[in-house]
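Trainee: fold the following for me, if possible:
(one chain, ligands or ions: 1)
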Amino acid sequence: MKVLVTGGAGFIGSNLVAYFNRRDPAIEVSVIDDLSTGRIENLDGLEATFSKGSILDYELLRDVTRGVDAVIHLAAIGSVPRSVNAPRPSHDANATGTLNVLEVARECGTSQVTVASSSSVYGSNKALPKSEFDWTRPMSPYAVSKHATEGYTIAYGFSYGMKTLAFRFFNVFGPGQPANHDYAAVIPRFLDAAINGRPVTVHGDGLQSRDFTYVRTVCATIFDAVQRGIYSLDPVNLAFGTNTTLMDLLGRMEVALGHKIDVQHVESRPGDVRASQSDGRRIRELFPTITPVDLDEGLAKTIQWFQGEQVS
Ligand code: NAD
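Mentor: Alright, predicted model coming up:
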């Protein structure tokens, strides 16, 4: 079997390549990534054919997709605040880029396309926990672009009978997630500050909540989807129904690190969602063998990685 991971040099992508290598070395993995936020070093020691380039380069994308059985499409420009500052690049990479991935897969007769959408599509819908059948109302250009990602993917299932699957990732965290840039995600940002003795900056009161999902759980689910050829004409929340506020998260980090963390509250950010939690029903039905890694265990592994240890 041959799989192509778009965005494979990024945080989730490189964890996924490692997971595929470990679970079934016979699967040939290739990666296309423009290294805009990903790093080639993330693929050090891994078995994958790497092509540097953009999914907006149609010819290159066709070259790397030909002969592939399954595409796992993770390439995107992430982050809500980044998209609020610059909407068009997010649109181009995430919406137009996904259309390219699907068009090329259709042309090449690829058996299966699995894509990364985001819980941000729920936006201003306050329902909790969130089911895939709840209405969506994106609040940021990023969320709109992810809505397009999943919308196109599902439409290709309906229109062309392609086996497609759109996962809505919730807040994914784990080893390999960078802290050192303006748009870093909350867990690496907090841990980097806490480990290095700086105060942690919390936007708003810290009572906003997230359904944090450890990256290995995400990789195990995608691997299972590819192995068993799972597809769906509805999106699937890739989260298992936890609801953790940022203040609770900081408390868990204090326990794991064994010291107090200084907290500085600043104003809330536009486009940020107040509460996010999946109901976890569809994922458990479709992937009954997946047991999510618990938040404290995932945090402990992430801390080990931040402290320079090898984490499997
Ligand atoms: P990441 O930024 O580490 O990975 C994205 C990768 O895509 C990077 O390696 C980047 O260089 C590459 N890329 C960007 N534009 C590209 C283009 N035009 N052509 C080729 N490659 C391109 O982010 P991540 O956290 O690993 O996210 C992976 C996917 O999961 C993204 O689609 C993201 O929107 C989605 N997602 C992530 C989370 C999360 O919590 N991390 C939550 C929801 C959805």
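
Trainee: around the ligand, pick out the residues from the chain.
Mentor: Listed as neighbours of the ligand in the chain under the rule Cβ under 6 Å from any ligand atom: 6-7, 9-13, 32-38, 54-56, 74-78, 93, 97, 116, 118, 169, 171-172, 185. C-beta: built from backbone N, CA, C; applies to glycine.

Trainee: report the buried members of these.
Mentor: Buried subset of the residues of the chain next to the ligand (neighbour count, 16 or more other Cβ atoms under 10 Å): 6-7, 9-13, 32-34, 37-38, 54-55, 74-78, 93, 97, 116, 118, 169, 171-172, 185.

Trainee: give me the subset of the residues of the chain next to the ligand that lies in helices.
Mentor: 11-13, 97 (DSSP state H).

Trainee: can you redo the residues you listed as TSV with distance to Ala194 and pLDDT?
Mentor: Listed next are those as TSV, based on distance: Cβ to Cβ, whole Å; pLDDT from 0 to 100:
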residue	distance to Ala194	pLDDT
Phe11	19	98
Ile12	23	98
Gly13	26	98
Gly97	35	98
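
Trainee: so which of those residues is the closest to Thr65?
Mentor: Distance to Thr65 across those (Cβ to Cβ) is lowest for Gly97, with 13.1 Å.

Trainee: burial of Asp24, as a residue count?
Mentor: 13 (other Cβ atoms under 10 Å).

Trainee: residue contacts, Met139?
Mentor: 120, 123-124, 271, 273 (Cβ atoms under 8 Å, 6 or more residues apart in numbering).

Trainee: not counting sequence-adjacent ones, nearest residue to it?
Mentor: For Met139, ignoring the flanking residues on the chain, the nearest one in space by Cβ to Cβ, 6 or more residues apart in numbering is Gly123 at 4.0 Å.

Trainee: what does the pLDDT read for the one you found?
Mentor: Looking at Gly123, its pLDDT stands at 93.

Trainee: now do the contacts for it.
Mentor: 136-140, 143, 273.

Trainee: who wins for most neighbours among these?
Mentor: Ala143 (26 neighbours).

Trainee: and the strands in this structure?
Mentor: 2-6, 28-33, 49-52, 70-73, 112-118, 163-169, 172-173, 200-203, 209-210, 213-214, 236-238, 244-245, 263-266 (DSSP state E).

Trainee: got the ones you listed as TSV, with mean pLDDT columns?
Mentor: What follows is the strands of the chain, written out as TSV (pLDDT from 0 to 100):
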stretch	mean pLDDT
strand 2-6	98
strand 28-33	98
strand 49-52	98
strand 70-73	98
strand 112-118	98
strand 163-169	98
strand 172-173	98
strand 200-203	96
strand 209-210	96
strand 213-214	98
strand 236-238	98
strand 244-245	97
strand 263-266	96
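
Trainee: okay, these in JSON lines with distance to Asn21 next?
Mentor: Below are these laid out as JSON lines (distance: least, Cβ to Cβ, whole Å):
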{"stretch": "strand 2-6", "distance to Asn21": "11"}
{"stretch": "strand 28-33", "distance to Asn21": "7"}
{"stretch": "strand 49-52", "distance to Asn21": "12"}
{"stretch": "strand 70-73", "distance to Asn21": "14"}
{"stretch": "strand 112-118", "distance to Asn21": "18"}
{"stretch": "strand 163-169", "distance to Asn21": "21"}
{"stretch": "strand 172-173", "distance to Asn21": "19"}
{"stretch": "strand 200-203", "distance to Asn21": "34"}
{"stretch": "strand 209-210", "distance to Asn21": "29"}
{"stretch": "strand 213-214", "distance to Asn21": "19"}
{"stretch": "strand 236-238", "distance to Asn21": "21"}
{"stretch": "strand 244-245", "distance to Asn21": "31"}
{"stretch": "strand 263-266", "distance to Asn21": "39"}
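
Trainee: gap between Pro199 and the ligand?
Mentor: Note on Pro199: its distance to the ligand, by Cβ to the nearest ligand atom, to the nearest Å, is 23 Å.

Trainee: which residue packs closest to that residue, ignoring adjacent ones?
Mentor: Nearest to Pro199 is Asp262, by Cβ to Cβ, 6+ apart, at 3.8 Å.

Trainee: check Thr149 too.
Mentor: That would be Thr98: by Cβ to Cβ, 6+ apart, it lies 4.5 Å from Thr149.

Trainee: how many residues are close by that neighbour?
Mentor: Count around Thr98 with other Cβ under 10 Å applied: 29.

Trainee: re the thing from before, surely the residue nearest to Pro199 meets Val200?
Mentor: Yes. Asp262 is within contact range of Val200, at 6.8 Å (criterion: Cβ atoms under 8 Å).
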